[in-house]
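Enquirer: missing the sequence, but the structure's below:
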Ligand code: ADP
């Protein structure tokens, strides 16, 4: 910019100088020419007086006039030319043979009475200004060397050239310094703008303390930068808020452009769809489940309205809902992927539960109704009636158990924390349970013994802890073999009370273990029912253990026996709620 302006200024200076010089040179030249022409006219007029002399000896006359003029300091060449163009006399050269009729000044003189020409002499090879006029039968021609005029012109050219160079130098220097001063704020504006374009929004222009256009521009620029910085900060804040919102979501979010390339996704989506290789800018056909999601998104684009579908996940039982909709403006499409596997599982469990409860209630009810029908139909002997009354009694008790267990389970499920919990001695509770089950053990020919650390305490509601041990020990007796044994041990391990109920019973096959603590799950349904089981015992045990901050696990071998291990946080005997 600076260089361009300096160059432009130089060109203007050169052109102005050249125009001024040409005008000046033309003026000087034409003035000189006029002056020379006047002098030559005067010489011709004087020479015309010597016509008589000319006729006698034109060569001599020419030399005499030329000589006389030279004496007066006038270096004028005089030629006397006949009307046929022959040079009869010349003050500077004799015997000139060329015909002069074609000379422009001679031609012009013959036509118009006077003629002039400025040219290089073919005879003397010098520049002359010629003037000619017819005098009688002759043409007198006077010529002046233009050396003086040429010298003046050449010195004029030299001086003008020098002046022009100095002018150019001064103009360039002045322009460069002026342009430099003018461009400095602009340069600063450019630097700051570049700085801002590289992301440094805090960059500002040093505002010159002036009220001119540059000062105003700098102030406006800074104001504009400040508002841009504020807008960008706000935008960044909103974006990070949006990002943390999206990252904190329990659902996966995916945005694609209309060519199917990934614009955005949150980490949850990667985990949900098990696609660690997902990248922004990549296409989504890399995984099967992703291509299902993009299929729903394509559908939303084609229909021009939101689309909702359920798709299967990578692992068995995994189910997702994909809700896809075009983003406002139509340049991209957004999908929200929700994991509904748990919901589906719960739905399934609920319907299974309803089915199980119905079934569990129906079995004793059918038996009760059948017994009543049989009692009503005809006379029955005492023994038969007693048998049916026993059946009725047994089924009513079974129903009672079932309802009791369901109520306990429902209460436990609705409980988040038990405020009535207190330190309970584990040994005493185990002893109570064992005593309560003594009769059942004798009936099943199973021996029960226990060895629990007498200082072992856990925080629990007393009835619940007893229910936990009763259920486990009862199962260990029920699913045992005649002559088998049950052993209960309890000790502390790293601030945890570990209680084991070990039996030498029928054992549990490994495929049943994962579902063992589910409600109504039984390994052998008919045997469980036969011995009065409800299928809710272990589920109650697990809920009690979890409610008091513990857990339960099982190890078993078919035909050898099972070990149920309960872990509960240790409590201090004096520890109050
Ligand atoms: P139930 O009322 O049928 O005993 P539980 O929930 O207590 O219900 O137990 C679920 C199932 O687990 C039982 O039906 C039984 O098949 C199995 N089971 C529980 N404890 C034992 C054990 N100690 N030995 C073998 N099988 C057991």
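Expert: Perfect, thanks for sending it. Worth saying up front: this structure is predicted, and the values here are computed from it rather than measured.

Enquirer: Pop the domain breakdown of the chain in here.
Expert: Annotated domains of the chain cover 2-152, 248-339, 344-409, 417-575 [automatic domain parsing].

Enquirer: For residue 223, find the nearest of these.
Expert: domain 2-152 (27.8 Å; Cβ to Cβ). Using the backbone N, CA and C atoms, a C-beta is placed for each residue, glycine as well.

Enquirer: and the longest helix along the chain, how far from the chain's centre?
Expert: Longest helix in the chain, counting residues (DSSP state H): helix 147-197. Its chain's average C-alpha position is 49 Å from that of helix 147-197, according to Cα atoms, centre = their mean, to the nearest Å.

Enquirer: pLDDT on that helix, on average?
Expert: Helix 147-197 shows a mean pLDDT of 80.

Enquirer: The chain should start at 28 in everything you say after this.
Expert: Fine by me, first position is 28 from now on; the one you just mentioned is helix 174-224.

Enquirer: which residues in the stretch 278-427 of the chain form helices?
Expert: 294-300, 315-330, 368-403, 409-440 (DSSP state H, counting those that start in this stretch).

Enquirer: Would you indicate which residues of the first one are buried?
Expert: What that stands for is helix 294-300. Neighbour-count burial for helix 294-300, counted by 16 or more other Cβ atoms under 10 Å, picks out 295, 296, 299, 300.

Enquirer: what is the nearest residue to the third one once chain neighbours are set aside paired to in the beta sheet?
Expert: In this case it means residue 299. Spatially, and ignoring its direct neighbours in sequence, residue 299 is nearest to residue 279 (4.5 Å; Cβ to Cβ, 6 or more residues apart in numbering). Note on residue 279: beta-bridge partners residue 364, judged by DSSP bridges.

Enquirer: Can you give me the neighbour number for residue 279?
Expert: If you count neighbours by other Cβ atoms under 10 Å, residue 279 ends up with 24.

Enquirer: Quick one: residues contacting the closest residue to residue 316 other than its chain neighbours.
Expert: Nearest non-adjacent residue to residue 316, counting by Cβ to Cβ, 6+ apart: residue 300, 5.0 Å away. Applying Cβ atoms under 8 Å, 6 or more residues apart in numbering, we find residue 300 in contact with 279, 314, 316, 317, 320, 340, 341, 347, 364.

Enquirer: just checking, the fifth one touches residue 281?
Expert: Yes. Using Cβ atoms under 8 Å as the test, residue 320 is close enough to residue 281 to be in contact (6.4 Å).

Enquirer: Report the set of residues contacting both of these two.
Expert: What both residue 320 and residue 281 touch, as defined by Cβ under 8 Å, 6+ apart, is the set 311, 362, 364.

Enquirer: what's near enough to touch the second one?
Expert: Shown here is residue 362, whose contacts under the criterion Cβ under 8 Å, 6+ apart are 280, 281, 282, 283, 320, 323, 324, 327, 349, 350, 351.

Enquirer: try it again with 7 Å
Expert: 281, 320, 323, 324, 349, 350, 351 (Cβ atoms under 7 Å, 6 or more residues apart in numbering).

Enquirer: ok, now how distant is residue 534 from residue 447?
Expert: 37 Å (Cβ to Cβ, to the nearest Å).

Enquirer: Tell me which of those two has more neighbours.
Expert: residue 534 (17 against 10).

Enquirer: Let's verify that one: helix, strand, or coil?
Expert: What DSSP: H, G, I helix; E, B strand; the rest coil gives for residue 534 is coil.

Enquirer: is it true that it touches residue 582?
Expert: No. Checked against Cβ atoms under 7 Å, the pair residue 534 and residue 582 is beyond contact range at 10.0 Å.

Enquirer: hang on, the earlier thing: identify, from the contacts of residue 362, the entry nearest to the ligand.
Expert: residue 349 (38.7 Å; Cβ to the nearest ligand atom).

Enquirer: what's around that closest one, how many residues?
Expert: Neighbours of residue 349 (other Cβ under 10 Å): 24.

Enquirer: do you know how far the nearest residue to it once chain neighbours are set aside is from residue 329?
Expert: Closest residue to residue 349 apart from its sequence neighbours, by Cβ to Cβ, 6+ apart: residue 323 at 4.3 Å. Separation of residue 323 from residue 329 (Cβ to Cβ): 11 Å.

Enquirer: Neighbour count: these two, which is higher?
Expert: residue 323 (22 against 9).

Enquirer: Enumerate every residue touching that one.
Expert: 334, 336, 349, 351, 362.

Enquirer: would JSON lines of the residues you listed with distance to the ligand and pLDDT be doable?
Expert: Formatted as JSON lines, the contacts of residue 323 follow (distance: Cβ to the nearest ligand atom, whole Å; pLDDT from 0 to 100):
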{"residue": "334", "distance to the ligand": "45", "pLDDT": "94"}
{"residue": "336", "distance to the ligand": "39", "pLDDT": "94"}
{"residue": "349", "distance to the ligand": "39", "pLDDT": "94"}
{"residue": "351", "distance to the ligand": "44", "pLDDT": "94"}
{"residue": "362", "distance to the ligand": "43", "pLDDT": "93"}
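
Enquirer: Which two of those have the greatest separation?
Expert: 336 and 362 (10.1 Å).

Enquirer: what about the lowest-mean-pLDDT helix or strand in the chain, distance to the chain center?
Expert: In the chain, no helix or strand scores lower on mean pLDDT, DSSP states H and E than helix 552-557, which sits at a mean of 75. Taking Cα atoms, centre = their mean, one finds the center of helix 552-557 at 65 Å from the center of the full chain.

Enquirer: Now for residue 71, how many residues are close by?
Expert: By other Cβ under 10 Å, neighbour count at residue 71 equals 20.

Enquirer: pLDDT wise, what is it at?
Expert: pLDDT, residue 71: 87.

Enquirer: Tell me, how many residues neighbour the closest residue to the ligand within the stretch 228-377 of the chain?
Expert: Residue of the stretch 228-377 of the chain nearest the ligand, by Cβ to the nearest ligand atom: residue 376 (15.4 Å). Applying other Cβ under 10 Å, we find 13 other residues in the vicinity of residue 376.

Enquirer: What's the separation between it and residue 369?
Expert: 10 Å.

Enquirer: tell me the SS of the closest residue to residue 141 other than its chain neighbours?
Expert: Nearest residue to residue 141, sequence neighbours excluded (Cβ to Cβ, 6+ apart): residue 160, at 5.0 Å. At residue 160, secondary structure determined by three-state DSSP is strand.
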